[in-house]
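Visitor: Give me a model of this one.
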Amino acid sequence: MALYLSCCLLLSLLCSPVCRCHWTLGQLHSENEVLLYPSPVLPEGRITSVQLKQNSPNRWYFAAEEAHSPYSITVTPCDVPIEWRLSAKTLLAKPISTLHLESKKSKPEQYWRTSEAVMDLFIYRGNSAEMFTGRSSSKTLYAIMLLSTERDTQVTMYLTTRDRPRGLIPELPLDPRVDTVGVGMTSVTLSWKPSPSVLQQHQQQDFHYCLLVNRWHNYKSLCAAETAMKKKEEEKPSSMGSWWWHGSSEISTSLHPGQHTALKSSGDKSSAVTGVCTGTENIYTFSDLLPETQYYFDAFVVNRLNQTSSTYTGTIAHTLPEPQPEVVQLIDGEIIRVDLEGRRPQQQYSFRPKSWQRSALFTFQTCTRGQVRVKITSKGRTLASQVVDGLGRILLEGKPKYVLQLEPASKSGASLKIQASTAYHKPAFPLLPESLNVKSFSKLRTCNSVTLAWLGTQERSKYCVYRKRIAETQLQLVKKKKDDDRCSGPESRRKAEKVLCKYFQELNPLRAVTTATVAGLEPGTSYLFDVYLIGQWGFPIKYRSKVVRTKKAC
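Guide: Residues are numbered from 1 along each chain as shown. Coordinates of the predicted model:
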């Protein structure tokens, strides 16, 4: 059987200059594998990053300086699961101290491909960080073989031959879970057991905690988090690499407890990934989260001197939903005014038609500058949706109950009047003309009178004119805010400001123009004129205000 395997291996090497092997437990010994690129010596005491090509083995070497000296090797996959194996070969030809391992490919592989037997010390497959510790033998050369069978990926390795705990990967407590202390609508408070490495340090703050929050999943290592974020955010390679560690030459600019680094893919916090280092504090509150959203939290204990880290068992938390606004019952035919604030939850109203046909006419009039989004639903189904800017009407029928949702289109908020009525043949709002502008004629303007003109409608309606004297110091302010409230009616004016009321109706729209002359004014004085259209059912519509100045001399 052994002869058969040897012949098959020899034929495969002769037929192809490159052998891409997928090895698992009990497969080919490492001295028979042909690599695609050099196999350097693994440096000690620092993180080594390795780029793996799919189905291409990658080998690294190291040798202990003395017999029975301790060593520890940690391999951390940064993405997909990998296979890695630690093997040892005892060399009989030369003492290990005379090998003088170099970074060139020829030196280590020259000794590795001798006839001595190879012993596998450790084999692992997965995407978690794994550490193997042992003690070396004399004349022994060690090899680490890495293989990714899914796709190209990145791996980090850390080798140390120190016998003392300091300098190794930070230790985790016996219970490495991250606990959720409190959950709010926009915040989550976390706590975790202290790391022995943090508790044992004195004045030097070599070990500290770092946290990561995102909306996708938990990460098994900082390396995995960094790799995933680079793919999601499409940022530069250094966009996240410095948030959790800085080299000894940059200690003065390293992150202090509470300092944040946020990565965003689309400019809004719904897609943000936030990392924060808390120093030696093992409790922290994330704020400014989205309501009713699931978040994944990870905690790491980091050694800033050698860049190593250990990962706590992450947790998941779901923020609380926003409180539902109170649903206000609308009375048939009643007109109400609603003030909407930009940061409040959208206001809701309900209406139950009493007529047997269940028809309802909804009328809206915005009072301030700005649009209002209106949505009407029944049993969760959207029946109508409209953006109202000025006057809007929606006629629906056939449903026992309607629910209105009102939301301002801008953060500045909005104000509007609404009416729900089953008497859809008697609308509260009058028929509007094509324009709500008021004009004045300069040729008909005198020192004590002004002539105004505006468009009327085909309905017989009542028109009332009001005036207000404006001081010169307030003229610019009045012109700026004259149309801030389009819902104010004659009831908001003083009786002394009323000039006249008249009825007008014109069936021909081309001739539907009416005028009014306001007399008894003072020369060289500015006045604010308002015209109100009052329909058949008494609901007023305010025309745009007009500021006119009488002549100073006639």
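
Visitor: got any ranges where the stretch 251-400 of the chain has weak pLDDT?
Guide: Applying pLDDT under 70 to the stretch 251-400 of the chain picks out residues 251-273, 342-346, 355.

Visitor: Which parts of it are helices?
Guide: Counting by DSSP state H, counting those that start in this stretch, one finds no helices in the stretch 251-400 of the chain.

Visitor: now swap in the chain and tell me
Guide: Using DSSP state H, the helices of the chain run over 2-15, 106-112, 196-200, 222-233, 475-481.

Visitor: worst average pLDDT in those helices?
Guide: When mean pLDDT is averaged over each of the helices of the chain, helix 2-15 scores lowest at a mean of 35.

Visitor: Count the residues that sit near the closest residue to Asn58 other than its chain neighbours.
Guide: Closest residue in space to Asn58, ignoring its immediate chain neighbours: Leu146 at 4.4 Å, by C-beta to C-beta, 6 or more residues apart in numbering. Any C-beta I mention is one placed from the backbone N, CA and C, and that applies to glycine too. Here the number of neighbours of Leu146 (other C-beta atoms under 10 Å) works out to 20.

Visitor: quick thing: my sequence starts at 66, can you match it?
Guide: Got it, first residue is 66 now, which makes that one Leu211.

Visitor: So Leu211 versus Ser193, what's the distance?
Guide: 15 Å (C-beta to C-beta, to the nearest Å).

Visitor: ok, now which ones touch the residue nearest to Asn123?
Guide: Neighbour list for Leu211: Val115, Leu117, Pro122, Asn123, Arg124, Trp125, Val140, Ile147, Glu148, Trp149, Val220 [criterion: C-beta atoms under 8 Å, 6 or more residues apart in numbering].

Visitor: Pro588 too?
Guide: Cys512, Asn513, Thr615, Lys616, Lys617, Ala618, Cys619.

Visitor: For Arg532, see how far away the residue nearest to the fifth one when sequence neighbours are not counted is.
Guide: It stands for Lys617. Among residues not flanking Lys617 along the chain, Gly589 sits closest, at 3.6 Å (C-beta to C-beta, 6+ apart). Here Gly589 is placed at a distance of 16 Å from Arg532 (C-beta to C-beta).

Visitor: Quick check on the two: which one has the bigger neighbour count.
Guide: Shown here are Gly589 and Arg532; by other C-beta under 10 Å, Arg532 has more neighbours (22 against 12).

Visitor: what are the bridge partners for the more buried one, then?
Guide: Note on Arg532: beta-bridge partners by DSSP bridges are Phe594.

Visitor: Isn't it up against Phe594?
Guide: Yes: between Arg532 and Phe594 there is a contact under C-beta atoms under 8 Å: 5.4 Å.

Visitor: who touches both of those two?
Guide: Common contact partners of Arg532 and Phe594 (C-beta under 8 Å, 6+ apart): Val583.

Visitor: Ends of stretch 429-443, what's the gap?
Guide: 19 Å (C-alpha to C-alpha, to the nearest Å).

Visitor: Run the chain-centre distance for it.
Guide: The chain centre lies 28 Å from the centre of stretch 429-443; the measure is C-alpha atoms, centre = their mean, to the nearest Å.

Visitor: Quick check: buried residues in it?
Guide: Buried residues in stretch 429-443, counted by 16 or more other C-beta atoms under 10 Å: 429-433, 435-443.

Visitor: Just to be sure, which of the residues you listed are found in strands?
Guide: Judged by DSSP state E, the buried residues of stretch 429-443 include Phe429, Gln430, Thr431, Val437, Arg438, Val439, Lys440, Ile441, Thr442, Ser443 as members of strands.

Visitor: Next, the contact list for the fifth one, please.
Guide: Counting by C-beta under 8 Å, 6+ apart, Arg438 makes contact with Ser450, Gln451, Val452, Gln470, Leu471, Glu472, Pro473, Ala474.

Visitor: what pLDDT does Tyr608 get?
Guide: Per-residue confidence at Tyr608 stands at 90 (pLDDT).

Visitor: For Ile535, grab the count of nearby residues.
Guide: With other C-beta under 10 Å as criterion, Ile535 counts 20.

Visitor: my guess is it contacts Lys611, does it?
Guide: No: in this structure Ile535 lies outside contact range of Lys611 using C-beta under 8 Å: 11.7 Å.

Visitor: any shared contact partners between the two?
Guide: Leu593.

Visitor: Kindly state the beta-bridge partners for the closest residue in space to Phe506 that isn't next to it in sequence.
Guide: Distances taken as C-beta to C-beta, 6+ apart place Thr516 nearest to Phe506, at 5.1 Å, with adjacent residues excluded. Here Thr516 sits in beta bridges with Thr582, going by DSSP bridges.

Visitor: ok, Thr516 touching Thr579?
Guide: No: Thr516 is beyond contact range of Thr579, at 11.5 Å (criterion: C-beta under 8 Å).

Visitor: separation between the residue nearest to Asn123 and Thr218?
Guide: Distance from Leu211 to Thr218, counting by C-beta to C-beta: 10 Å.

Visitor: Would you mind grabbing the residues shared as contacts by the two?
Guide: Common contact partners of Leu211 and Thr218 (C-beta under 8 Å, 6+ apart): Leu117, Ile147.

Visitor: and which of the contacts of Pro588 is nearest Gln422?
Guide: Nearest to Gln422 out of the contacts of Pro588 is Thr615 (C-beta to C-beta; 55.3 Å).

Visitor: quick one: pLDDT of the closest one?
Guide: pLDDT for Thr615: 92.

Visitor: What residues does it make contact with?
Guide: Contacts for Thr615 (C-beta under 8 Å, 6+ apart) come out as Arg510, Thr511, Cys512, Asn513, Ser514, Val515, Leu586, Glu587, Pro588, Gly589, Thr590, Tyr592.

Visitor: Please indicate which of the residues you listed has the highest neighbour count?
Guide: Within these, most neighbours by other C-beta under 10 Å means Val515, with 23 neighbours.

Visitor: Give me the distance between it and Ser591.
Guide: Val515 is 11 Å from Ser591, by C-beta to C-beta.

Visitor: what residues do these two have in common as contacts?
Guide: Residues touching both Val515 and Ser591 (C-beta under 8 Å, 6+ apart) are Val613.

Visitor: For the contacts of Arg438, which PyMOL command selects only the ones that are buried?
Guide: The following PyMOL line selects those of the contacts of Arg438 that are buried, judged by 16+ other C-beta under 10 Å:
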select buried, resi 451+470+471+472+473+474
